[in-house]
Every structure is written in C-alpha cells, then in structure tokens.
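Asker: Quick one, what's the 3D model for this:
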Amino acid sequence: MKKRQITIHLSESTNSRIRKHCEENGIQYSAFAEKALSEYFDKKDDAGLILKKIDRQTYLLRQIQAIVQLLFEAFGLWLRYYFLHTADIPEDGKLAAWTDGNLKYSKFMDYLKRHIEDKHRWMDEFIQPLFDANNFKNNDLDKNG
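Answerer: Got it, this is the predicted structure:
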C-alpha cells in the first residue's frame with residue numbers, strides 16, 4: 001500500500017513520550033503513529049459490535065432468568081408433592097397425613113423465609129467458592145462437559 005507523508009504538530013511532552021516509547025520498543029515513529037491512528041478509528045467501529053454483544057448477553061440473561069424461574073416453580077411443586085403425597089396411606093388416614101404434610105410444608109416455607117431474611121445463601125457456602133479466583137480454572141468446565 002502506498003504511503004503518504006503528513007505533518008502534525010504535537011506538544012513537546014507528547015512528542016518526547018512517543019519518541020521514548022518508540023526507542024524502548026524498537027519501532028519507528030511512523031509505525032507507531034499509523035498503529036495509534038488505526039486503533040483510534042477502529043474503536044469507533046467497535047461501538048456497534050459492543051452493542052450487539054450487550055444485546056446478546058441481555059438475551060442470554062433473560063433465558064437464564066426464565067430457566068431459574070422454572071426451576072423455582074418446579075422445586076416449589078416438588079416440595080408440595082413431597083410433603084403432601086399420601087399414596088401409600090389408607091383412605092381413612094389420608095386427611096390426617098395431608099394435614100400433617102401441609103403443616104410440614106408451611107414450616108419449611110417459614111424456615112426458608114427466615115433463611116432468606118438472614119441473608120444466608122447456600123450459594124455462598126458451596127457454589128461461590130468454586131468461582132473464587134484462587135480455586136476456579138476454565139479447564140474445570142472442560143472436564144465436565
């Protein structure tokens with residue numbers, strides 16, 4: 001590609017910083033200027049790419065939110081089923097078992113409410129340490145799938 005010479009006026013401090021950088025890294029002044037200008041112009045084009053990435057991340061977060069809501073609903077239904085299931089109980093004992101299950105479910109929900117209000121999280125105890133910078137490696141994900 002044919003190159004064209006341009007003349008620019010810089011402050012002494014900026015000029016000396018550029019020259020020092022070029023000398024330390026063994027690059028020509030013109031190569032530095034060309035690369036800096038190219039990066040400057042390319043960054044303006046990156047705004048569209050960044051917005052697309054943000055849109056993609058927003059879409060993925062919405063998917064994750066929907067999955068988490070589904071899991072919460074499924075877990076809640078499972079709890080109800082677990083506490084209220086009376087299939088193996090004779091017919092005359094089902095009402096008492098159902099009442100007992102309902103009481104257990106209510107106690108569990110009260111416990112869960114207190115647990116959440118106390119800001120105690122299972123995630124803090126178990127999941128978060130997995131993502132600790134000292135313990136978590138990207139390779140761990142590859143091993144499990």
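
Asker: so what are the domain limits for the protein?
Answerer: What the record gives for the chain is the domain set 8-71, 85-145, from automatic domain parsing.

Asker: Helix or strand: which one has the residue nearest the centre of the chain?
Answerer: In the chain, the C-alpha nearest the mean C-alpha coordinate belongs to L61, at 8.3 Å (CA atoms, centre = their mean). Using DSSP states H and E, L61 sits in helix 29-84.

Asker: what pLDDT, on average, does that helix get?
Answerer: For helix 29-84, mean pLDDT rounds to 82.

Asker: show me the contacts for the residue in the chain sticking out farthest from the centre.
Answerer: What lies farthest from the middle of the chain is D92; by CA atoms, centre = their mean that is 51.8 Å. Under the criterion of CB atoms under 8 Å, 6 or more residues apart in numbering, D92 has no neighbours. Heads up, the C-betas are built off the backbone N, CA and C, glycines and all.

Asker: do I18 as well
Answerer: Contacts here follow CB under 8 Å, 6+ apart; on that basis I18 touches 10, 29, 32-33.

Asker: and the domains of the chain as CSV, adding distance to W78?
Answerer: Conversion of the domains of the chain to CSV gives the following (distance: least, CB to CB, whole Å):
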stretch, distance to W78
domain 8-71, 10
domain 85-145, 10
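
Asker: so which of these gets nearest M1?
Answerer: With CB to CB as the measure, domain 8-71 is the member of the domains of the chain nearest M1 (10.5 Å).

Asker: Would you check which pair of the contacts of I18 lies furthest apart?
Answerer: L10 and F32 (12.1 Å).
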